[in-house]
Every structure is written in structure tokens, then in C-alpha cells.
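Engineer: just the structure for this:
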Amino acid sequence: MPLNRRISDQIDQPKDKREYVRNLFAGVSSKYDLTNDVMSFGLHRRWKRHLVALAGLQQGHNVLDLAAGTGDLGREVLAVGARNKLDLNVTAADLTPEMIRVGRERTGSLGTKWVAGDAIELPFPDESFDRVLIGYGLRNFTELEACLGEILRCLARGGRLLTLDFGHPPMPLVRRGYYAYLNASTRIVGWAIHRDPESYVYIPESLRRFPGQRKVMRMMQAVGYETCGFEELLCGTMAINFGTRPAN
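Structural biologist: Alright, predicted model coming up:
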């Protein structure tokens, strides 16, 4: 069976996808940051810094780094706080225990609180966070609209969600070249770094099912976010979606 078809069959149903994603990231956790650097030529770090800059962090904010991976968004939040003399509280939540272990090692004593959590049912009270930030996680969620609603529940009134992920380029020529690059590079990088081409072929396969920045914006509006929008990066191959919980 072709590799893409085999992966597709394993992520058709929410329960199957959740288990597949957990196992996938458990396997790549030790070299996850290296792979991201290679795949994006280091640009993902710039994009994540831009995401945090857009968050408009303020004194005393409680920030959730959701689908945190190794916690690099949370580390950037704390770095911004240190530079601007802001007291910020960071919680990092991830589905995969192995990612949490690596993340704890990377964040050390910086002050990030790590929690095991699934976006479909977050282990936090209502209105817990002023900002929820997601870096390359939204595409991995099952039942995406329900997850957006669960994040909304956890946002304080006036709080904001900002999420960075792979996008759907609006220009057909760019889109074809982009998908061709992903199909080839994910196999090469997966084999070179993890000795397993399947480990990153999941990216283009999941992107085919991902609604993309425009539809994500409409989904956010549908579940109750205000001032929704998106910013496209690198000709729309990447995008930041954002929205705000109503103040009243």
C-alpha cells in the first residue's frame, strides 16, 4: 500500500488520529527541533517570534502554549517578559508525554508549568488564560471546531487565540510547487534524521485535510470568536490565524 494512503487510513477517525499523532510525536521528540530547523531552514523560529509579538502581552498575563511540543513558544513568551520587565505566567500543554519530557529539559528552571492535555478536553477551568498560542498544532487536532470552542472556554473575556500553521497558498503555481516540495522533502528529512520516511510524510497528508487559513477564520467566527483574521507568511505557505473572546 502506498505510504500516503496508509497514513490517510490511520487518521480518518478522530480516535485513530489522536493515537497516531501521539505515537508519531513520541518517536520524533528527541530530534523534533532539529527537524523543524532543517525543514524550514530555521524560519520557523522567526515566525514563532512574530506570533508572540502579535499577542500583545501585558503585565500579569496567563499564557497557554498549547500543543507545545518542546515549549519554544513558551520560552519566547518568557523572553519577551524578561526584556520588557513583565511578569508573565506560562503553562505548556501537550498530548505526548515524551514531548513533555523533552520540553521540561529544554525549559529547565525558566518557570513554565507543564501539563498533559488534549485540546478536545482541556484540564483547565473556564477563563483561565489571557492568551492561547499554538505553533503547528491546530492541524493535528481532531474535531477541530470543537477544539476551537474548548479553547474559547478557557480564554478570559477579551483574551486572544493566535495559531501558526502550514497554510494553503492562494496562488495555484505556488501551491503546486509547495506541495511538491513537502512531498519530497518530508521523505528525505524523515529518513535522514529519523530513519523513517513516515515520520514526516504525515505533514503533507495532514495538510490535505486541514481547512487552511480562510476556513479556520470562518470556523473561529462560527464558534464565537470576534475580530478574527489571518496573516499569511511566505506567499501563504504559512499563516497565523487569530481571534478574540468577546469582552461581554
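Engineer: all contacts plus neighbour counts: C-alpha atoms, from now on.
Structural biologist: OK.
Engineer: partner strands of the lengthiest strand in the chain, with direction?
Structural biologist: Ranked by residue count under DSSP state E, the longest strand found in the chain is strand 155-166. Strand 155-166 pairs in its sheet with strand 129-135 (parallel), strand 238-244 (antiparallel), by DSSP bridges.
Engineer: dump the ones you listed into TSV; add distance to Gly224, mean neighbour count and mean pLDDT as well.
Structural biologist: Formatted as TSV, the strands paired with strand 155-166 follow (distance: least, Cα to Cα, whole Å; neighbours: other Cα atoms under 10 Å; pLDDT from 0 to 100):
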stretch	distance to Gly224	mean neighbour count	mean pLDDT
strand 129-135	15	25	98
strand 238-244	9	23	98
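Engineer: could I have stretch 28-35 exported to CSV, CA atoms only?
Structural biologist: Once non-C-alpha atoms are left out, stretch 28-35 reads as follows in CSV (Å, rounded to 0.1, in the frame of the first residue of the first chain):
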residue,chain,number,x,y,z
VAL,A,28,10.4,12.2,16.9
SER,A,29,10.5,14.1,20.2
SER,A,30,14.3,13.9,20.7
LYS,A,31,15.1,15.4,17.3
TYR,A,32,11.9,17.5,16.8
ASP,A,33,13.6,20.9,17.0
LEU,A,34,16.4,19.8,14.6
THR,A,35,13.9,18.6,12.1
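Engineer: ok, and what's touching that stretch?
Structural biologist: Contacting residues not belonging to stretch 28-35 are listed as Gly69, Thr70, Glu98, Met99, Val102, Val189, Ile193, His194, Ser199 [Cα atoms under 8 Å, 6 or more residues apart in numbering].
Engineer: list the residues that contact the last one.
Structural biologist: Contacts of Ser199 were listed using Cα under 8 Å, 6+ apart, and they are Leu24, Gly27, Val28, Gly190.
Engineer: go again using 6 Å as the cut-off
Structural biologist: By Cα atoms under 6 Å, 6 or more residues apart in numbering, the contact list for Ser199 reads Gly190.
Engineer: and it, what element?
Structural biologist: Assigned by DSSP states H and E, Ser199 falls within helix 198-209.
Engineer: before we move on, what about the fifth one?
Structural biologist: Counting by DSSP H and E, the secondary-structure element that holds Val102 is helix 97-107.
Engineer: got the buried residues for that helix?
Structural biologist: Buried residues in helix 97-107, counted by 16 or more other Cα atoms under 10 Å: Pro97, Glu98, Met99, Ile100, Val102, Gly103, Arg104, Thr107.
Engineer: okay but the second one is in contact with Leu24, surely?
Structural biologist: No. Contact status for Glu98 versus Leu24: not in contact, 10.5 Å apart, counting by Cα atoms under 6 Å.
Engineer: follow-up on the earlier one: what would the contacts of stretch 28-35 look like in TSV with pLDDT?
Structural biologist: Converted to TSV, the contacts of stretch 28-35 look like this (pLDDT from 0 to 100):
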residue	pLDDT
Gly69	93
Thr70	92
Glu98	94
Met99	93
Val102	93
Val189	85
Ile193	87
His194	84
Ser199	75
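Engineer: if we can go back for a sec, return the angle between stretch directions for the longest strand of the chain and helix 198-209.
Structural biologist: Strand 155-166 runs at 110 degrees relative to helix 198-209, counting by axes from the mean of the first three to the mean of the last three Cα atoms, to 10 degrees.
Engineer: with only the CA atoms kept, save strand 155-166 in CSV.
Structural biologist: Below are the C-alpha coordinates for strand 155-166, written out as CSV (Å, rounded to 0.1, in the frame of the first residue of the first chain):
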residue,chain,number,x,y,z
LEU,A,155,-9.9,32.1,27.4
ALA,A,156,-10.6,35.1,29.7
ARG,A,157,-13.0,37.7,28.3
GLY,A,158,-11.1,39.8,25.8
GLY,A,159,-8.4,37.0,25.6
ARG,A,160,-6.9,36.1,22.3
LEU,A,161,-6.0,32.9,20.4
LEU,A,162,-3.2,33.0,17.9
THR,A,163,-2.1,30.0,16.0
LEU,A,164,0.7,29.4,13.4
ASP,A,165,0.5,26.6,11.0
PHE,A,166,1.0,25.4,7.4
